[in-house]
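Chemist: Sequence and computational prediction follow.
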Amino acid sequence: MKEIYSEIRKLIPLENIENTFESPPERAYGDLATTICFLLAKQQKKPPFRIAEEIVGSVKLPKNSLIEKVEARGGYINFFFNRAKLATIVVAEAAKKTYGKPKPDRRRVIVEHTSVNPNKALHVGHIRNSCLGDAIVRMLKFAGNDVQEVNYIDDSGSQVADIIVGFKVLGISAETAMKFDQYCGNEVYVRVNKVYEANPDLQAKRNEIIRAIENGNNDTSKLADKVVGKILSAQLETLLRMGISFDLLVKETSVLRSKLWDSAFQMLKDANAVYKEAEGKNSGCWLLKLSDRPEFAKLENADKIISRSDGTVLYTGKDIAYAMWKHGLIADKFGYSLFGGKTWITEAGGRKKGGFGSADKSVAIVDVRQSYAQDVVAAALSMLANRKIDYNHYDYGVVTLSKKTAEQLGFEVDAATHMSGRKGLFVNVDDVLGALEKKAYDETKKRNSAAKEKWLRDTARKIARSALRYEMIKIGRENTITFDAGESLRLDGNTAPYLQYAYARSLKILEKAGKPPKLAAPDAITDTESEMVKALMDFPAVVGKAAENLSTQEICRYAFNLCSVFNKFYQDSPVLRAEGKSKAFRLNLVKAFATTVEKCFGLVGIDALEKM
RNA sequence: GGGCCCGUGGCGUAACCAGGAUCAGCGCGGAAGGCUUCGGACCUUCAUGUGCGGGUUCAAAUCCCGCCGGGCCCUCCA
């Protein structure tokens, strides 16, 4: 690519011209365009088209240049390359492992995602978070960052207490043949909430249980720890089925029991960031001082309660302590132990261990409804540090259920509706994956009737999870997703299987061809070949921009376009039956395609299948 | 009272942040076609669209202001 840009620079020695390149909308307008004349028009007070004409008039093309023609058109300067030469350069570049890799950013980044209350199974809303988070982890790793993938376990909140109420107070059996997270979320939690409605006094019991869990070291807290562990394992099983796992699980009880909160609270007091309310309705509470900050000043009651009048701490308070740990603003008080595989968990009795926390940057994947709470955390950090804290709330829209799907679950609604764990109005990820896997299995078997059962299952599993992941991250993060059980089972059109299929086809060609011959410039180049080259040429810019914005959507869009161009190419340009230079070129083009698609897959978490 | 997000053909989305060249792309659904083919989870063609009103600009889906619809958030829940 550099080669191309430096050629242009030689012709048109203007500053910053590299940043003004874009793809022309139509092939008749050339292969690359610059918008620099529109910028110059403002400075020079001349119409853009005149400047373009002047510049083009002064250009003298050397012989044998990569650039064959330069044209002014409506203020744009369009470059026409020798397409065969350009193709050779691009294909050679794109086949390299390093193609598209940005300059490495070595900073340590903590990405927190999923963070589902450990009292239920993951539903389709939670999985949007996990899919985004895992893709962001992948993108940051690609960019060279040292990434810690963390899941925050809110094991001291009321939702866990509700389950314990069910077991301990209502005497619901803890034995079940169901997957344990589903049993607790679908059955126990819903039942307990029904009892609350009929018998509000029971809620006092819950508050007792919450306090016992916070204090730790008693029968109730031990039971809660055990139940949480079992639910958490079941949740992680679902995530593993999605191809997602963590480096660390941070339990909220650890924030309390390790005294991390106490230290954080003391630091907040020392920094004069909090005060105790002496009178009024908030008497006895500790509040975070936000009223003098411009982003909160307009609120009616700007200051935020972080500690209750009975001395217990609110969620936001614990979140502040946790954020301080993320950024190394506080000493690491956690003990750590292994929680299966390579995943660590914070544990009161665990050992001291360096290497966690103290990141240069953190990204919290949390849905948009918590923007205010996240702003409070960020504000607290800035009050405590004398440097800029790179704390990022990555927000995204929620997932709602379509009218039809809600009705299928037995609820009467007049439109798409929010999910509710309390009411039992939700769709579990396990169920969606199950249905997707079944469908993918049938489709795969149709095409590979002789294949082994194990391979079929494995392939179906990979198709299913890729499809679900892609569905969750291919659209803009600010959009609300309306989940429809029927609609989501599609495996054609703009879906992961479409991409996987294109990839599998390309590998088949390469496999049949044997070792690809050495790349040589073809004598001529067809339109579809040229479109392939153009798509491959766009890769570095797309990845660079997507990594900078942490935009999963841009990678998805690029990958879809690339595969779609490949399918067209595949349709009208035979590779194996081509001859001589053309065959050599096409094979290398296919190879470059496969390599680039693999990178896209790696970035967003789609499985690259050789066969499907 | 304050703040955030969304509004693009029947449905779902892209382009908006960093305004530009064309039929405003694409997928689903609808209509019509394509296997003497390296795998039809594919390809080709057609129909239908920027919520409303102003402003800025040579140029607005994009920026600014005001409406109208929908969703969300703003202290002892998480």
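Modeler: Looks like it arrived, so ask away. Small disclaimer: the values here were computed from a predicted structure and weren't measured.
Chemist: Any buried residues in the strand or helix carrying residue A:602, and which?
Modeler: Element membership for residue A:602, per DSSP states H and E: helix A:580-604. By neighbour count with 16 or more other Cβ atoms under 10 Å, helix A:580-604 contains the buried residues A:581-597, A:599-601, A:603-604. Glycine gets a C-beta too; all of them are placed from N, C-alpha and C.
Chemist: With stretch A:547-556 instead?
Modeler: Those would be A:547, A:550, A:551, A:552, A:553, A:554, A:555, A:556, for stretch A:547-556 by 16+ other Cβ under 10 Å.
Chemist: Kindly report the same for stretch A:492-506.
Modeler: Within stretch A:492-506, the residues scored as buried using 16+ other Cβ under 10 Å are A:494-506.
Chemist: returning to that earlier point: CSV for the buried residues of stretch A:547-556, including pLDDT and secondary structure?
Modeler: CSV is the format used below for those (pLDDT from 0 to 100; DSSP: H, G, I helix; E, B strand; the rest coil):
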residue, pLDDT, secondary structure
A:547, 90, helix
A:550, 95, coil
A:551, 96, coil
A:552, 97, helix
A:553, 96, helix
A:554, 95, helix
A:555, 96, helix
A:556, 97, helix
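Chemist: Going along the chain, name the strands of the stretch 351-500 of chain A.
Modeler: With DSSP state E, counting those that start in this stretch as the criterion, the stretch 351-500 of chain A has strands at A:361-365, A:390-394, A:399-401, A:417-418, A:481-483.
Chemist: got a list of contacts for the fourth one?
Modeler: By Cβ atoms under 8 Å, 6 or more residues apart in numbering, the residues outside strand A:417-418 that reach it are A:398, A:400, A:401, A:403, A:406, A:411, A:425.
Chemist: Nearest to RNA strand B within the stretch 51-200 of chain A, name that residue for me.
Modeler: Residue nearest to RNA strand B within the stretch 51-200 of chain A (Cβ to the nearest atom of the strand): residue A:157, separated by 3.2 Å.
Chemist: That residue - how many residues pack around it?
Modeler: Neighbour count of residue A:157, defined by other Cβ atoms under 10 Å: 17.
Chemist: per-residue pLDDT, it?
Modeler: Listed pLDDT for residue A:157 reads 86.
Chemist: isn't it right next to residue A:117, touching?
Modeler: Yes. With contact defined as Cβ atoms under 8 Å, residue A:157 counts as touching residue A:117 (6.4 Å).
Chemist: secondary structure class for the residue of the stretch 251-400 of chain A found nearest RNA strand B?
Modeler: Among the residues of the stretch 251-400 of chain A, residue A:301 lies nearest to RNA strand B; the distance is 1.7 Å by Cβ to the nearest atom of the strand. With DSSP: H, G, I helix; E, B strand; the rest coil as the basis, residue A:301 sits in coil.
Chemist: pLDDT score for it?
Modeler: 84.
Chemist: distance of it from residue A:380?
Modeler: As for residue A:301, its distance to residue A:380 is 17 Å (criterion: Cβ to Cβ, to the nearest Å).
Chemist: ok, now residue A:477?
Modeler: Distance from residue A:477 to residue A:380, by Cβ to Cβ: 25 Å.
Chemist: Those two: which has the busier surroundings?
Modeler: It is residue A:380, of residue A:477 and residue A:380, that has more neighbours when counted by other Cβ under 10 Å, with 30 against 19.
Chemist: What sits closest to that one if chain neighbours are left out?
Modeler: residue A:320 (4.6 Å; Cβ to Cβ, 6 or more residues apart in numbering).
Chemist: how about the strand or helix carrying the one you found, does it reach RNA strand B?
Modeler: Counting by DSSP H and E, the element that carries residue A:320 is helix A:315-326. Yes. For helix A:315-326, a contact with RNA strand B is found by Cβ under 7 Å from any atom of the strand, at A:315, A:316.
Chemist: do the same with stretch A:131-150
Modeler: No. Stretch A:131-150 lies out of reach of RNA strand B by Cβ under 7 Å from any atom of the strand, never closer than 13.1 Å.
Chemist: Can you list the buried residues in that stretch?
Modeler: A:131-143, A:145, A:147-150.
Chemist: Just the C-alphas of it, formatted as PDB.
Modeler: The C-alpha coordinates for stretch A:131-150 follow below in PDB (Å, rounded to 0.1, in the frame of the first residue of the first chain):
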ATOM      1  CA  CYS A 131     -20.500 -11.300  22.100                       C
ATOM      2  CA  LEU A 132     -19.500  -7.700  22.000                       C
ATOM      3  CA  GLY A 133     -17.100  -8.000  24.900                       C
ATOM      4  CA  ASP A 134     -15.300 -11.100  23.500                       C
ATOM      5  CA  ALA A 135     -15.000  -9.500  20.000                       C
ATOM      6  CA  ILE A 136     -13.600  -6.300  21.600                       C
ATOM      7  CA  VAL A 137     -11.100  -8.500  23.500                       C
ATOM      8  CA  ARG A 138     -10.100 -10.000  20.200                       C
ATOM      9  CA  MET A 139      -9.700  -6.700  18.500                       C
ATOM     10  CA  LEU A 140      -7.600  -5.300  21.200                       C
ATOM     11  CA  LYS A 141      -5.400  -8.300  21.200                       C
ATOM     12  CA  PHE A 142      -5.000  -7.900  17.400                       C
ATOM     13  CA  ALA A 143      -3.900  -4.300  18.100                       C
ATOM     14  CA  GLY A 144      -1.200  -5.600  20.300                       C
ATOM     15  CA  ASN A 145      -2.700  -4.900  23.700                       C
ATOM     16  CA  ASP A 146      -2.100  -7.000  26.800                       C
ATOM     17  CA  VAL A 147      -5.800  -7.800  27.500                       C
ATOM     18  CA  GLN A 148      -7.500  -9.300  30.600                       C
ATOM     19  CA  GLU A 149     -10.900 -10.600  30.000                       C
ATOM     20  CA  VAL A 150     -12.900 -10.200  33.200                       C
END
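Chemist: For residue A:518, grab the count of nearby residues.
Modeler: Going by other Cβ under 10 Å, the residues that sit close to residue A:518 add up to 7.
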